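Colleague: okay, structure incoming, though there's no sequence with it:
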């Protein structure tokens, strides 16, 4: 069993997944009161995952990462610099998320990764595991170029001695009943590169001759937990109720999109909080807000997915303890890494950590190229910026469009 330190721990999804894989969380912190209370409640209750109690012996505290030092953290757990092999965490993602304003480095939360980098160096860990939204892949840095934000982060990590391997992982491809795509970065020392785990599931198994299982559906996951009670049911009202009643599973109410140079009719999307889930597929991404997807329940009619159901789609233990307020429940659940995905990544990393790696004497300070598929995604975003950037920025905002119509 190897130790790790967790920052931006949230409700502990990444941490308990790593623990399920065989890692041991020595320290965990977050600035959110509800998140810290959630970790402590499950620690006290000795909630189990994979046959072991979560956060067993972990030092849990509320802390602002900007005020933390490696010395403070190590002192709190009685460890020495270089003794803990892994730093894990997911700095706030709202700055890069498509569901937010995408202010990136202009948002103070978009700069907290720098403290993650700083502490990785101060702790002198062997590996760093960083999780964030897929939007970080193509996010613009201070130069305004798609992909440059990620390049900046990787370059700063290289400055403190970490090479980086980057991948987009779809949780559904690893046995999670949710189509949640997230960016993972593994930081490693020169010549000590781990590999990301191979997918274990796919939408239609056996298509390419590789033995993978079929995706786990939302229906399977929700059938594994107790049915919702009357107190958990949230029904739509007003105009939205009528719109939802007409939807087929897997469709949503379309939102008015901005006209673009290559899309004069508008780049439409689904209106947030107005999508009807398809139970035969893994769920869509569980978000941190109350605007979750709806389902057509044979017993209760059209209703919103409850926090407990969202936790099941995230693969938390059935008896995991959540905050009292529903808004807090949705937030800490939606902000979490699915423990089952964390466990797969953690197992692969643990297997590599067990190896004795021969580190080259000459330290390379060259940033390794991204995987071809990731480079292609960045190149596509750059082409979109050339074609539609100006027209997209010139188009009126949705708010102004609604005001004009009204």
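Modeller: Here it is on my side, so go on. Note that this is a predicted model, so its numbers are computed, not measured.
Colleague: what stretches of the chain score poorly on pLDDT?
Modeller: Scanning the chain for pLDDT under 70 picks out the ranges 1, 93-110, 205-209, 358-361, 396-406.
Colleague: how about 90 then?
Modeller: For the chain, applying pLDDT under 90 flags the ranges 1, 91-113, 141-144, 191, 204-211, 255-269, 272, 355-366, 385, 388-406.
Colleague: tell me the buried residues in stretch 362-371?
Modeller: residue 370 (16 or more other C-beta atoms under 10 Å). All C-beta atoms are positioned from the backbone trio N, CA, C, and that covers glycine.
Colleague: what's the span of it from first residue to last?
Modeller: Start-to-end span of stretch 362-371 (C-alpha to C-alpha, to the nearest Å) is 24 Å.
Colleague: how far does that stretch sit from the chain's center?
Modeller: Between the centre of stretch 362-371 and the centre of its chain there are 26 Å (C-alpha atoms, centre = their mean, to the nearest Å).
Colleague: kindly report the same for stretch 364-372.
Modeller: Worked out by C-alpha atoms, centre = their mean, stretch 364-372 lies 23 Å from the chain centre.
Colleague: Three-state assignment for the closest residue to residue 365 other than its chain neighbours, please.
Modeller: Leaving aside its sequence neighbours, residue 365 sits nearest to residue 158 (C-beta to C-beta, 6 or more residues apart in numbering; 6.4 Å). At residue 158 the chain is in helix, as set by DSSP: H, G, I helix; E, B strand; the rest coil.
Colleague: residue 158 - how many residues pack around it?
Modeller: By other C-beta atoms under 10 Å, 19 other residues sit near residue 158.
Colleague: which residues touch it?
Modeller: 164, 365, 367 (C-beta atoms under 8 Å, 6 or more residues apart in numbering).
Colleague: just the residues you listed now: which is nearest residue 299?
Modeller: Lowest distance from residue 299 to the contacts of residue 158 (C-beta to C-beta) belongs to residue 164, with 48.6 Å.
Colleague: count residues in the vicinity of the closest one, would you?
Modeller: There are 20 residues near residue 164, going by other C-beta under 10 Å.
Colleague: nearest residue to residue 326 other than its sequence neighbours?
Modeller: residue 307 (6.2 Å).
Colleague: could you measure from the closest residue to residue 334 other than its chain neighbours over to residue 176?
Modeller: Closest residue to residue 334 apart from its sequence neighbours, by C-beta to C-beta, 6+ apart: residue 288 at 3.5 Å. From residue 288 across to residue 176, the span is 17 Å (C-beta to C-beta, to the nearest Å).
Colleague: of those two, give the one with the bigger neighbour count.
Modeller: A side-by-side neighbour count of residue 288 and residue 176, using other C-beta under 10 Å, places residue 176 first with 27 against 19.
Colleague: in three-state terms, label that one for me.
Modeller: Three-state call for residue 176 (three-state DSSP): coil.
Colleague: isn't it up against residue 315?
Modeller: Yes - Residue 176 is within contact range of residue 315, at 5.5 Å (criterion: C-beta atoms under 8 Å).
Colleague: now do the shared contacts for the two.
Modeller: 338, 340-341.
Colleague: wait, what's in contact with residue 168?
Modeller: Here residue 168 is in contact with 134, 137, 181-184, 373-374 (C-beta under 8 Å, 6+ apart).
Colleague: quick one, phi psi at it?
Modeller: phi -100, psi 120 (degrees, to the nearest 10).
Colleague: for this protein, longest helix please?
Modeller: Across the chain, the longest stretch assigned as helix under DSSP state H is helix 372-394.
Colleague: so which elements touch it?
Modeller: strand 163-170 (3 or more C-beta pairs under 8 Å, 6 or more residues apart in numbering; DSSP states H and E).
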